[in-house]
Each structure stands twice: as C-alpha cells, then as structure tokens.
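>>> This is a predicted model, with the sequence first.
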Amino acid sequence: MNNTVTLFSVLALTLLMASCLPEDQAPGTGPDFSTELLVDTGRTYGELVAGESSTFTLRWTAADDAEWYDIRISPHPINDSNWGTALRIDSIPASDTTDMIAYVQVQPEVFKNTCISCGQCVEACPQDAMSLIDGKAVIDLSKCTACGECVRVCPVNAITDSRFGQSYYFAMRAMGSGNTRSEVVSASGRYRLRYMNLDTWCGDCAYECFILLDSCGPGCPVDAIWYTPDWNTPGVDSGLIHIDYDLCIDCGQCFIQCHEYGLWSIMKEVVAE
C-alpha cells in the first residue's frame, strides 16, 4: 500500500492557519472512525538520513467516509471533553490509500500582535536566531534549534511553546461531509523529541570530540556532553561521547557542531514517556 505523505505542519496558531482550515463540528453523524493513532519512536524523518528533522511522525488507518482528518496536540491528554481546547496543528485530506502518514514539525512561532518588542528573546537565544524587525520579534528558521529559550524568557507568552524537551499528546478525528466529525477521538500517549548519539556513527574524531573543542564552537553550555577517550577506557564505550539527559537543555549545539565538523552521529529522536 502506498502512504500518503503530507507537508510539514508548523506547530503554531496563527490567523492565517485558522482561516485556511475547515470549520469545526456541524450537525450530523460523522465517519465511523476507530483506528489507533500511532506515533513513531526512534530517529526522526530525514531527507538525507534519519534523525535530521525536528518532526513527529503520525500514522493511522483511513476511515471509509472521511473527507479530511483533524489533528490536535496538547501538553495534556486529549479526549472528547477537552477537544476544543487542544491546538489544531494540521488538516489532512483523505485519500484512496488505507495507510495514512503525517509529519508534524516542532518550531517556535511568534504572535506578532502579542509581542511587546522587549528584546528579551533576542538576548536569550543561544544561536542568534532572534532579531527585532519593525519592532517585532522574528525567528531565523535556518539558525533556530527549537531549544525554547525564547519561550522561557518571553514575559507575555508571545511565542508558541513548541520546542525540544516539551512532551506532547496527539489526537485525531475523522471529518465527513459538512464537517461532521467522528464520535471517537483517537488519542496517543505522551512523546517528546530529544538529541541522541548514534554509536555506530560516532568516530572518535581525531582522538577528540569536535563538540568539546573550543576551536569548533561554544560546545555544550551546561556540560551535558562527556567523552570516553579510547586510550583510557578500552571496551565498547571507548572513543564515544555521551549525553547526560538530567543536564541537557535541548539547545542543539552538539547537533550543530557534530554536523559541521564531525560525522553526524548526533541525531534527533522521538521517545515515549
């Protein structure tokens, strides 16, 4: 069976997005929808190699009478009673295939009408991805690593809390003719994105780790990366770097330096919680 692959969905609630999506529930009976909503774990989607992108991969079985699917996300479990308060992140057209798939990308977004031009996000961003343009905060997506520092310091919640380190629940309804919706809400457990080191790609680069070399960049700001030199500890761990997840703040600096100087062993993965 062929999969239906949707375009990436930016996790943000904007007026443009709201205006483009279909309206909510209309009177009537919706499609018979009882499929399980699955979230892939392990390395994320990548155009070149797995683990490149900041995405969640969602899979489900198509409903016979569905015209589109309403996908929502929340830091709290989603059910019928709180469906209306969960953030709609995508509208997926139905297709002739049975197996459906969608990629949901994590990326902070600025609510310009809420931004007060204080500049705190600009000062806090470790990647220099934030700037003020015409008095409003703007994110350079080519530099942003979705670390969430801008979200943390914003005094007026003008930036969506879509970032690494945040746990999310997903849910879906099948939508039928006239925007009637399925009675059943198909909901997932809790998942989050994090960085990982793929041992088989970690290459003991020049007997040192480029993530830890001052000449290659600032390195880990919280000393969550440590390295096992191969000449001190022979065995399966020799020559590998490790991530202390109790210290890690998901800033992405290790990912940047490993991809610029090393062997791309630092990757992104989805884990169930």
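Thanks, I have the structure now.
>>> now stretch 199-209: how far from the chain's centre is it?
27 Å (CA atoms, centre = their mean, to the nearest Å).
>>> Kindly check the end-to-end length of it for me.
Using CA to CA, to the nearest Å, the end-to-end distance of stretch 199-209 comes to 13 Å.
>>> distance of residue 155 from residue 116?
7 Å (CB to CB, to the nearest Å). For every residue, glycine as well, the C-beta is placed using N, CA and C.
>>> Mind checking which of those two has more residues around it?
Between residue 155 and residue 116, counted using other CB atoms under 10 Å, the more crowded position is residue 116 (13 against 9).
>>> Excluding covalently adjacent residues, which one is nearest to that one?
Leaving aside its sequence neighbours, residue 116 sits nearest to residue 156 (CB to CB, 6 or more residues apart in numbering; 5.6 Å).
>>> Look at residue 255 and say how many residues are nearby.
23.
>>> quick one, phi psi at the residue nearest to residue 54 when sequence neighbours are not counted?
Once flanking residues are discounted, residue 54 sits nearest to residue 106: 4.6 Å by CB to CB, 6+ apart. Dihedral angles of residue 106 (phi, psi; degrees, to the nearest 10) stand at phi -90, psi 120.
>>> Run a quick neighbour tally on residue 260.
If you count neighbours by other CB under 10 Å, residue 260 ends up with 11.
>>> One more: the one 5 residues further on?
Neighbours of residue 265 under the rule other CB under 10 Å: 23.
>>> OK, contacts around it?
197, 198, 199, 201, 202, 203, 241, 258 (CB atoms under 8 Å, 6 or more residues apart in numbering).
>>> could you redo the last one with a cut-off of 7 Å?
When contacts are counted by CB atoms under 7 Å, 6 or more residues apart in numbering, residue 265 touches 197, 198, 201, 202, 258.
>>> Using ChimeraX, define a selection of the buried residues within these.
Buried subset of those, written as a ChimeraX selection, criterion 16 or more other CB atoms under 10 Å:
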select :197,198,202,258
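>>> which of the contacts of residue 265 has the weakest pLDDT?
In terms of pLDDT, the weakest of the contacts of residue 265 is residue 202, which scores 87.
>>> Great, nothing more from me.
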